[in-house]
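Chemist: need a 3D model of the following:
(chains A and B)
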Amino acid sequence: MGLIQEIDYGTPASTSEKQVTLTVDGFTVTVPEGTSIMRASMEAGIAIPKLCATDMVDAFGSCRLCLVEIDGRNGTPSSCTTPVAPGMVVHTQTGRLKDIRRGVMELYISDHPLDCLTCAANGDCELQTQAGVVGLRDVRYGYEGDNHVFKKNDGAENFKWMAKDESNPYFTYDPSKCIVCSRCVRACEEVQGTFALTIEGRGFESRVSPGMHQLFIDSECVSCGACVQACPTATLSEKSVIKIGQPEHSVVTTCAYCGVGCSFKAEMRGDELVRMVPYKDGKANRGHSCVKGRFAYGYSTHKERILNPMIREKVTDPWREVSWEEALTHTASEFRRIQYQYGRTSIGGITSSRCTNEETYLVQKLIRQGFRNNNVDTCARVCHSPTGYGLGQTFGTSAGTQDFDSIEQTDVVMIIGANPTDAHPVFASRMKKRLRKGAKLIVLDPRRTDIVRSAHIEAQHHLPLKPGTNVAVVTALAHVIVTEGLFDEAFIRERCDWDEFQDWASFVALPENSPEVVGQLANVDPEEIRGAARLFATGGNGAIYYGLGVTEHSQGSTTVIAIANLAMATGNIGRPGVGVNPLRGQNNVQGSCDMGSFPHELPGYRHVSGDAVRDIYESLWGVKLDDEPGLRIPNMLDAAVDGSFKGLYVQGEDILQSDPDTKHVAAGLAAMECVVVHDLFLNETANYAHVFLPGSTFLEKDGTFTNAERRINRVRKVMAPKNGLADWEVTQKLAQAMGIAWNYQHPSEIMDEIAKTTPSFAKVSFDYLDKMGSVQWPCNEQAPEGTPIMHIGGFVRGKGKFIRTEYVATDERTGPRFPLLLTTGRILSQYNVGAQTRRTDNVMWHSEDRLEIHPHDAENRGLRDGDWVRLTSRSGETTLRALITDKVSPGVVYTTFHHPDTQANVITTDFSDWATNCPEYKVTAVQVGASNGPSEWQLDYDEQARNSRRIATLEAAE
Amino acid sequence: MIMQPASTEIASRTAAIVQELKGLEGPLLPILHGIQEEFGHVPQDALPVIAEALNISKAEVHGVVTFYHDYRSHPAGRHVLKLCQAEACQSMGSDAVAAKLKQLLGIGFHETARDGSVTLEPVYCLGLCACAPSAMLDGEVIGRLDDEKLDEIVAEVRS
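Modeler: Prediction:
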């Protein structure tokens, strides 16, 4: 296998179409205009020595190692900063250059410790490599005099020496090894866009400084790892490398956190994961990463991970560890018993957006083929089901229209109800890069998120709308575009139904949809709405990115439709730089929807009532399929409370923590007779489970994830499952125990079945993905290389459909008892219910959920920052600590839901989207008051959770 | 004793200066000059205020402030005496001048007299090489330093 070595071209690629031919050391090379000599030379296979250059950041020209000589030019220009010219003749190795380089290197080494053999970077140090390349044999200057290397010089304190900064949990900063190449500073600025680092001082005093001479952990650093990756020495080193040593082989795989789907090299030593390094060929991330994907994989070996199957009679019993066979046989017989006793539709399952496409496909297949019903649902129910519905209705496909690269050609970015810098950080970095290059930004969000204003980024328009008024505000944008004649008539006439457009236009033009009226009810300045609409309609390529702030409302689907209307009306569909892009939450939530996880749809979004579709599966699976949609998650829980639904197989989802109205979920689960939880940890749902099947991590299995841009990425196994079986094997064994003859030897066979039965996946296979790197569906005969941009030339459904979007205020309203609106979201360092990130050092950044409250609202209630507060809604109450900030508007409070002891979902109501039942997490009327500590519910819950997590020891079981 | 303003006061006075100058092209250096003029140094508490107003990071402001020796992190004495230590002045005996001055003032380079009367600093070239050794007192250059001129300088800063 060996380590995957990526070529470092030294400077970024040029996008110019014009080609230039030059000669490097006698070899002719042709490159795009604007390419550096350094890169051109590397293209020709000649590596010019370098230290400060790396192709993730722009040329800097400070190390003076990459000098070259050019015929007809004076001096020795640096090859990284000198662009190629036609007919140029370059020499990379001459006597003069060799002398200069050796002299430069001598100076570097004269202030660098010579502890190579015990250095963490030994074997992966560019300084070491370049010293070898330039033939350094001697350092004439010695270490006498000033240096940064030694703590003491001749017994006296050396004030130029600085201690290591070990404050970040994942990497160290050792100033004594720094050569001040500024690569880390530039990576932080250009790649990540945080600007947390600088070079302080000048000359010999120059040092890398996080923030204002602070520790890394105290600075603005977001721990994305870009600086560590850029560092050519051991100055910035992963602690895991320091602890373990250099990796010896690597495997390209896909991150299992958010919907960006970053490609990483899992660098291994044996079956031990040394580090995750973002992969430059990864088309979603282009070599970048965030704190979660890069560093937060420690959960896979956390002590709380369960590795043995367990069963128990009653949820009040302690768990009993059993063999796989016993667990699966028990489960199968329980499910069959329940079906016999309560009917075919009394059991169901929930697929996981955290698992692979293949595993998800198997779970829905088990339910449809084995349980013989359609009672399958997935967590997309609670996040992007309105996207599926809304985009399906208007455009004809249930997915985003663009690839992530499209952002590089966008002129106006509109972000609605999404917080990309926290929830989709790698894409946010790419977005910020584009914004720094001049693209304009419009943000619709009740909170002033970091993308609204942070170093070098500022939104032209921030509409801090009142939670629950999305439809009204987006329709008001359309009102301005229609009434001011800013719509793209040619596009609409060609691609959409003109009559439908006119009907819609007459609707949005109504006075009640004007910014002046809407502004009143949404608490937004009407002029801002008008300005935003004008900018979006006339600013060039306009792209809309949205998140759960759009979908998780009682009118979630309506907002998605309103967004689609807006894009169609302005002609922003069907080419690079535009489009409608849901930022999907989970690594494979797109895939789990694609794979037929919904109760009404077979894989590929084909309704179960379609005879032709059912025929495909009936003939393949040899059973008659139910033609009626099954139960959605909330329906399953309702049915359980009613007594008609008794058994549930939950793979990799924690519905008790993540679904709304926790008490109702708990009641539903408690009413069931066999709840099977298949997960890495004893999650909250497992408190009500009778069978626990240990799961495997993304590192332990083969498969595919589909990200938010419909990109099918390979997940590759780098170690054996610690629990013994990959998740797909567990599902297969459960099916076999239920008497279904499955015999998949490898996940690739499952993908082959998917490809055979699903037109949009027709050409997908593991071999093809290995060859292509990744593809975006649809990938079939019509689009053999996949489809980066959808709806080019025409909509999938034929004509784009304009649909009226009438604003109906949610039933959840503020009043005297509950005067504030609560909305919820994520934070950078934590991920969703936190099952994984809470079990990593990421807790250093966010150890508890806090309630963000505006200073006015806090003062009215006599609250100070950090006080315990009681948060009460019509559904329930919880307590947490307050964080006073003007990021939220007055009247709005905000919290995250990463920690189970906060139980934010005790507060949320059971209102949901009219079309898809997606819960209204984003709007809950609440009251906030001072509190002394945890609520009664929290104490009870804690007690119950502790009890239900008991695992019987061998002695106790006798 | 030199009185230092409280951090909230620094923030509000900084904000006023930033507000006045932020419209300039490349406003950071003029703002820092304005702040040094206001406070006699660039207080650390001013940096986040500048960063926030210009929408750049704190690290960037810190990098610029620390790059220029003229931006002080602490208040200077009532007078600032800069003595050239660059090559031309060295060849004309500036080392001896420095030693003499340090003795007369009772302080070393980068130090302020205990009574707050004067701060002594090295400077690397005042562009006055033809009149070396040279110095600058409160912005006024003085050439051809000799014992007499040193006595005058000391008398002035002590007065």
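Chemist: the residue lying closest to residue A:162 once chain neighbours are set aside - how many residues pack around it?
Modeler: The shortest distance from residue A:162 to any residue other than its chain neighbours is 4.0 Å, reached at residue A:175 (C-beta to C-beta, 6 or more residues apart in numbering or on different chains). All C-beta atoms are positioned from the backbone trio N, CA, C, and that covers glycine. Per other C-beta atoms under 10 Å in any protein chain shown, the neighbour tally for residue A:175 reads 18.
Chemist: equivalent analysis for the one 5 residues further on, please.
Modeler: The tally of other residues near residue A:180 (other C-beta under 10 Å) stands at 22.
Chemist: swap in residue B:88?
Modeler: 18.
Chemist: verify the stated contact: it with residue B:126.
Modeler: No: applying C-beta atoms under 8 Å as the test, residue B:88 and residue B:126 come out as separate, 9.9 Å apart.
Chemist: any low-confidence regions in the chain?
Modeler: This is for chain A. Low-confidence segments of chain A (pLDDT under 70): A:954-958.
Chemist: meant chain B, my bad for not saying
Modeler: Looking at chain B by pLDDT under 70, you get B:1-5.
Chemist: could you rerun that using 50?
Modeler: Filtered on pLDDT under 50, chain B yields the residue ranges B:1-2.
Chemist: what does it put close to chain A?
Modeler: B:44, B:47-48, B:51, B:55-63, B:66-67, B:69 (C-beta under 8 Å from any C-beta of the partner chain).
Chemist: residue A:481 sits in which helix or strand?
Modeler: Element membership for residue A:481, per DSSP states H and E: helix A:470-483.
Chemist: show me how far that helix is from its chain's centre.
Modeler: 30 Å (C-alpha atoms, centre = their mean, to the nearest Å).
Chemist: hmm, who's touching whichever helix or strand comes after that helix?
Modeler: Using DSSP H and E, the helix or strand that directly follows helix A:470-483 along the chain is helix A:489-495. Defining contact as C-beta atoms under 8 Å, 6 or more residues apart in numbering or on different chains, one finds that helix A:489-495 is touched by A:498, A:501, A:568, A:569, A:571, A:573, A:574, A:794, A:795, A:799, A:800.
Chemist: inside strands: which ones of those residues?
Modeler: Using DSSP state E, no member of the contacts of helix A:489-495 sits in strands.
Chemist: could you identify the buried members of those residues?
Modeler: A:501, A:568, A:569, A:571, A:573, A:574, A:795, A:799, A:800 (16 or more other C-beta atoms under 10 Å in any protein chain shown).
Chemist: reformat those residues as TSV; add distance to chain B.
Modeler: Formatted as TSV, the buried ones among the contacts of helix A:489-495 follow (distance: C-beta to the nearest C-beta, whole Å):
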residue	distance to chain B
A:501	40
A:568	34
A:569	32
A:571	32
A:573	33
A:574	35
A:795	40
A:799	44
A:800	38
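Chemist: in space, what's closest to residue A:519 - neighbours in sequence excluded?
Modeler: Computed as C-beta to C-beta, 6+ apart, the closest residue to residue A:519 that is not its neighbour in sequence is residue A:526, at 3.8 Å.
Chemist: picking up where we left off before, of the buried ones among the contacts of helix A:489-495, which pair is most distant in space?
Modeler: Within the buried ones among the contacts of helix A:489-495, A:501 and A:574 form the most distant pair, 16.2 Å apart (C-beta to C-beta).
Chemist: specify the beta-bridge partners of the most centrally placed residue in chain A.
Modeler: Among the residues of chain A, the one closest to the centroid is residue A:258, at 2.4 Å (C-alpha atoms, centre = their mean). Listed by DSSP bridges, the beta-bridge partners for residue A:258 are residue A:586.
Chemist: for residue A:579, see how far away residue A:401 is.
Modeler: 4 Å (C-beta to C-beta, to the nearest Å).
Chemist: what are the boundaries of the helices in chain B?
Modeler: B:7-21, B:28-39, B:46-54, B:58-67, B:87-91, B:94-105, B:147-158 (DSSP state H).
Chemist: before we move on, the earlier item: which residues do residue A:401 and residue A:579 both contact?
Modeler: A:573, A:789, A:790.
Chemist: counting neighbours, what do you get for the second one?
Modeler: Okay, so that is residue A:789. 19.
Chemist: isn't it right next to residue A:402, touching?
Modeler: Yes: look at residue A:789 against residue A:402 with C-beta under 8 Å: they come within range, at 5.9 Å.
Chemist: quick one: common contacting residues for those two?
Modeler: What both residue A:789 and residue A:402 touch, as defined by C-beta under 8 Å, 6+ apart, is the set A:576, A:579.
Chemist: residue with max distance from the center of chain A?
Modeler: residue A:154 (52.0 Å).
Chemist: beta partners for residue A:273?
Modeler: With DSSP bridges as the rule, residue A:273 is bridged to residue A:268.
Chemist: how near is it to residue A:698?
Modeler: According to C-beta to C-beta, residue A:273 stands 11 Å off from residue A:698.
Chemist: these two: who's more crowded?
Modeler: More crowded of residue A:273 and residue A:698, by other C-beta under 10 Å: residue A:698, with 25 against 21.
Chemist: got a list of what the more buried one touches?
Modeler: The neighbours of residue A:698, taking C-beta under 8 Å, 6+ apart as the test, are A:253, A:254, A:255, A:256, A:356, A:587, A:705, A:715.
Chemist: show me these that map onto strands.
Modeler: Going by DSSP E, the strands hold A:253, A:254, A:705, A:715 from those.
Chemist: tell me which two in the residues you listed are the farthest apart.
Modeler: A:253 and A:705 (9.4 Å).
Chemist: and for the two, which residues touch both?
Modeler: Common contact partners of residue A:253 and residue A:705 (C-beta under 8 Å, 6+ apart): A:698, A:715.
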